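Visitor: curious how this folds, go ahead:
(one chain, ligands or ions: 1)
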Amino acid sequence: NPDFHPLMSFKASSDPSNKFLSQWNSTSSNPCTWHGVSCLHHRVSHLVLEDLNLTGSILPLTSLTQLRILSLKRNRFDGPFPSLSNLTALKLLFLSHNKFSGEFPATVTSLPHLYRLDISHNNLSGQIPATVNHLTHLLTLRLDSNNLRGRIPNMINLSHLQDFNVSSNQLSGQIPDSLSGFPGSAFSNNLFLCGVPLRKCKGQTKAIPALASPLKPRNDTVLNKRKTHGAAPKIGVMVLVIIVLGDVLVLALVSFLLYCYFWRLLKEGKAETHSKSNAVYKGCAERGVNSDGMVFLEGVMRFELEELLRASAEMLGKGVFGTAYKAVLDDGTVAAVKRLKEVSVGGKREFQQRMEVLGRLRHCNVVPLRAYYFAKDEKLLVSDYMPNGSLSWLLHGNRGPGRTPLDWTTRVKLAAGAARGIAFIHNSDKLTHGNIKSTNVLVDVVGNACVSDFGLSSIFAGPTCARSNGYLAPEASLDGRKQTHMSDVYSFGVLLMEILTGKCPSAAAEALELPRWVRSVVREEWTAEVFDLELMRYKDIEEEMVALLQIAMACTVAAPDQRPRMSHVAKMIEDLSGIHVSPSHDALDLVSESPSVPEDACTGGGGASASQ
Ligand SMILES: Nc1ncnc2c1ncn2[C@@H]1O[C@H](COP(=O)(O)OP(=O)(O)OP(=O)(O)O)[C@@H](O)[C@H]1O
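Guide: Residues are numbered from 1 along each chain as shown. Now for the predicted structure:
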């Protein structure tokens, strides 16, 4: 193993008394089993030796050319950094709380895959080189508590940066606009630093903090140029007013167009139903049927079709079964309305029967169907609006500057909640979900995962339903119709992989590939490579991640009858970390805007009820 000798010489210099790395010994020539070392393809890829009192230089490590993760936090390494330019595979570099001295290690700026760089709490001096801009994938840049001097370069290329700190140095000059959205604490304790978010620089015109975002897009430079050339603050305010007015106008126009569109499409169906409804439904004793053909299922939500048509509507997105809208009624009720594509069911009766079954499902992890509408050219489904978005958005849309990636505990809670919801559907009337994916796992007002869009695949048939979105079980993928409990389990396994890897199964490049990719990496015995880099920041979760990965792999085995049942999957996830699927008020930045909060919202771990 070419990494054996470099590691032995590293040990000789960093632990001369053989106190901390005694398990590394020359009789075992396979370093991959040593403490703190992991390998990929028999090369060292992961070296984590934290809090060990190791000393000396890290020079021998520069021969570990396959190293991806190097963490030597809280040791006593000293001297200047050696050149790290050989470590081209490096993704995470954590060298904080040591005694490194000398200049900022400029060679790290040539590492093309670096995501996290933490060299804080050392004795580094000199300037931050402008070449940090080469690190275009950087999420973390922590340089705090060193002796760095000079100006902070403009980091316009670091558009993903979310964790940035240069506090407690000797930096000076104006904070570049590209960084002015980070909080003051990221820059504090630098005597000569000025500008937003710190105090105004001498001679600087008034800044506009409201426009400051952690990393402003490059086209802000027009505004910046005006500022640095001393244009009057009035111009900034004018620009602001124009932007706001423009936004309001566009918003009003879009709302108006949507309203007209919605109205026009429903007018015909409504007219048809209206004429019938007076005869058929007038004074109807049947529970839940409005005179206009809206059929209400269990629950408190009640309104006329007319009110729904008047509601302001915002498109949430288009799916295989139709288009979803958020509708806000005059009385403030918020609902999600799905306009279905043409359905190929036998007719109204069959559709109604189907909706009655789906409408009876009440569980704190299932989005309740509240009402439906059926006319010749129009089919609508009304359900509770889930204000905290979908798991998909939380995993993939909630990134970038100023946003917090989904933490591990919340991921597990949402996975467990979704599993319980699906298990409940399976146990009710022998239904299948048929379309499990992360856009169909929504988050309710108290942070519970709720599955939506269940049971619709059976009323759609034919090629419109042939989906290849990366979640479909191999046995169900040909025409999208052969949905069973076991194909749901497969899709859920893919969803777990998405939660673990942060990769989107429906992204074109990875379609149908996520389970295969995960398996191939695990086969290479480098399971850690699978996990989402965002999860690297959490400590002591590796065991849980591996356990969840094993559940995901069991769910996605090729033979349907070898997959676990959904209720078993739910139980296994809950057992993982002793979680009880309860509202996680602190885990998400929750919003509460819907007066139509489900009356059956979870108040604890269970709360299931299939009302009859
Ligand atoms: N009740 C709801 N509350 C909040 N957002 C919703 C609700 N229902 C759907 N959405 C969101 O609206 C968007 C479109 O949903 P829709 O179900 O139409 O399509 P999809 O989930 O992308 O695909 P599919 O039709 O295969 O389920 C998705 O982002 C989804 O998360």
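
Visitor: quick check: phi and psi on I422?
Guide: Phi and psi for I422, reported as degrees, to the nearest 10, are phi -70, psi -40.

Visitor: er, Q174 actually
Guide: Dihedral angles (degrees, to the nearest 10) for Q174: phi -80, psi 140.

Visitor: go on, D488?
Guide: Per-residue torsions, D488: phi -60, psi -40 (degrees, to the nearest 10).

Visitor: what's the answer for the one 4 residues further on, then?
Guide: Main-chain dihedrals, F492, degrees, to the nearest 10: phi -70, psi -40.

Visitor: is it true that it touches A418?
Guide: Yes - with contact defined as CB atoms under 8 Å, F492 counts as touching A418 (7.3 Å). No exception for glycine: its C-beta is placed from N, CA and C like everyone else's.

Visitor: okay, and the common contacts of the two?
Guide: I436 (CB atoms under 8 Å, 6 or more residues apart in numbering).

Visitor: spell out which parts of the stretch 451-600 of the chain neighbour the ligand.
Guide: Listed as neighbours of the ligand in the stretch 451-600 of the chain under the rule CB under 6 Å from any ligand atom: 452-453.

Visitor: please redo it, this time with the cut-off set to 5 Å
Guide: Contacts of the stretch 451-600 of the chain with the ligand, taken as CB under 5 Å from any ligand atom, map to D453.

Visitor: give me every residue that touches the residue of the stretch 451-600 of the chain found nearest the ligand.
Guide: Proximity of the stretch 451-600 of the chain to the ligand (CB to the nearest ligand atom) peaks at D453, 4.0 Å away. Going by CB under 8 Å, 6+ apart, D453 touches 319, 321, 433, 435, 440.

Visitor: mind putting those residues into CSV with secondary structure and distance to the ligand?
Guide: Output for the contacts of D453, formatted as CSV (DSSP: H, G, I helix; E, B strand; the rest coil; distance: CB to the nearest ligand atom, whole Å):
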residue, secondary structure, distance to the ligand
G319, coil, 2
F321, coil, 4
H433, coil, 10
N435, coil, 5
N440, helix, 5
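
Visitor: among those, which one lies nearest to H485?
Guide: The nearest member of the contacts of D453 to H485, counting by CB to CB, is H433 at 8.9 Å.

Visitor: which one is the closest one nearest to, not counting chain neighbours?
Guide: In this structure, H433 finds its nearest non-sequential neighbour in F454, 4.4 Å apart by CB to CB, 6 or more residues apart in numbering.

Visitor: residues from this structure in reach of the ligand?
Guide: For the chain, the residues found near the ligand under the criterion CB under 5 Å from any ligand atom are 316-317, 319-321, 324, 336, 383, 385-386, 390, 439-440, 453.

Visitor: pLDDT of stretch 148-157, averaged?
Guide: What stretch 148-157 shows for mean pLDDT is 90.

Visitor: that stretch: end-to-end distance?
Guide: One end of stretch 148-157 to the other measures 21 Å (CA to CA, to the nearest Å).

Visitor: over to stretch 320-335?
Guide: Terminal residues of stretch 320-335 are spaced 20 Å apart (CA to CA).

Visitor: from the middle of its chain, how far away would that stretch be?
Guide: Centre-to-centre, stretch 320-335 and its host chain are 24 Å apart (CA atoms, centre = their mean, to the nearest Å).

Visitor: please renumber the chain so that the first residue is 202 from this point on.
Guide: Let's use 202 as the start, then, which means that last one is stretch 521-536.

Visitor: buried residues in it?
Guide: Of the residues in stretch 521-536, those buried by neighbour count under the rule 16 or more other CB atoms under 10 Å are 521-523, 525-530, 534-536.

Visitor: among the residues you listed, which lie within strands?
Guide: Using DSSP state E, the subset of these located in strands is 523, 525-529, 535-536.

Visitor: out of those residues, who's nearest the ligand?
Guide: The nearest member of those to the ligand, counting by CB to the nearest ligand atom, is A525 at 3.6 Å.

Visitor: give me the beta-bridge partners of that closest one?
Guide: Judged by DSSP bridges, the bridge partners of A525 are G518, K539.

Visitor: so who does the residue nearest to the spatial centre of the chain touch?
Guide: Nearest to the mean C-alpha position of the chain, by CA atoms, centre = their mean, lies L596 at 1.3 Å. By CB under 8 Å, 6+ apart, the contact set of L596 is 607, 639, 699-700, 703, 705.

Visitor: inside helices: which ones of those?
Guide: Members of the contacts of L596 lying in helices (criterion: DSSP state H): 699-700.

Visitor: pLDDT averaged over the strand or helix carrying S593 - what is it?
Guide: Assessed by DSSP states H and E, S593 sits inside helix 592-593. Computed over helix 592-593, the mean pLDDT rounds to 94.

Visitor: what is the burial count for the residue in the stretch 602-751 of the chain that the ligand sits nearest to?
Guide: Closest approach of the stretch 602-751 of the chain to the ligand (CB to the nearest ligand atom) occurs at T640, with a separation of 3.5 Å. Counted with other CB atoms under 10 Å, the neighbours of T640 add up to 20.

Visitor: flag the shaky bits of the stretch 302-451 of the chain, pLDDT-wise.
Guide: 404-441 (pLDDT under 70).

Visitor: in it, which spans are strands?
Guide: 317-319, 324-326, 341-343, 350-351, 364-366, 371-375, 393-395 (DSSP state E, counting those that start in this stretch).

Visitor: same question for the stretch 502-651 of the chain.
Guide: Using DSSP E, counting those that start in this stretch, strands in the stretch 502-651 of the chain cover 513-519, 523-529, 535-541, 562-563, 570-576, 579-585, 642-644, 650-652.

Visitor: which strands or helices does the fourth one pack on?
Guide: On a contact count with 3 or more CB pairs under 8 Å, 6 or more residues apart in numbering; DSSP states H and E, strand 562-563 meets strand 810-811.

Visitor: and the strand it packs on, average pLDDT?
Guide: Mean predicted lDDT for strand 810-811 stands at 40.

Visitor: over to stretch 672-683?
Guide: 72.

Visitor: tell me the span between the first and last residue of that stretch.
Guide: The separation between the terminal residues of stretch 672-683, taken as CA to CA, is 14 Å.

Visitor: export stretch 221-230 as PDB, just CAs?
Guide: Below are the C-alpha coordinates for stretch 221-230, written out as PDB (Å, rounded to 0.1, in the frame of the first residue of the first chain):
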ATOM      1  CA  PHE A 221      -2.000   8.300  20.700                       C
ATOM      2  CA  LEU A 222      -1.400   6.300  17.600                       C
ATOM      3  CA  SER A 223      -0.100   3.100  19.200                       C
ATOM      4  CA  GLN A 224      -2.600   1.100  17.200                       C
ATOM      5  CA  TRP A 225      -0.800   2.200  14.000                       C
ATOM      6  CA  ASN A 226       2.000  -0.400  13.900                       C
ATOM      7  CA  SER A 227       4.400  -1.500  11.300                       C
ATOM      8  CA  THR A 228       3.500  -5.200  11.700                       C
ATOM      9  CA  SER A 229       0.100  -4.500  10.100                       C
ATOM     10  CA  SER A 230       0.800  -3.400   6.600                       C
END
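
Visitor: sorry, back to before: turn the strands of the stretch 502-651 of the chain into a markdown table, including mean pLDDT.
Guide: Conversion of the strands of the stretch 502-651 of the chain to a markdown table gives the following (pLDDT from 0 to 100):
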| stretch | mean pLDDT |
| --- | --- |
| strand 513-519 | 85 |
| strand 523-529 | 88 |
| strand 535-541 | 89 |
| strand 562-563 | 89 |
| strand 570-576 | 87 |
| strand 579-585 | 88 |
| strand 642-644 | 96 |
| strand 650-652 | 96 |
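
Visitor: let's have these in JSON lines, adding distance to L291.
Guide: Putting the strands of the stretch 502-651 of the chain into JSON lines (distance: least, CB to CB, whole Å) gives the following:
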{"stretch": "strand 513-519", "distance to L291": "38"}
{"stretch": "strand 523-529", "distance to L291": "43"}
{"stretch": "strand 535-541", "distance to L291": "45"}
{"stretch": "strand 562-563", "distance to L291": "50"}
{"stretch": "strand 570-576", "distance to L291": "50"}
{"stretch": "strand 579-585", "distance to L291": "47"}
{"stretch": "strand 642-644", "distance to L291": "34"}
{"stretch": "strand 650-652", "distance to L291": "36"}
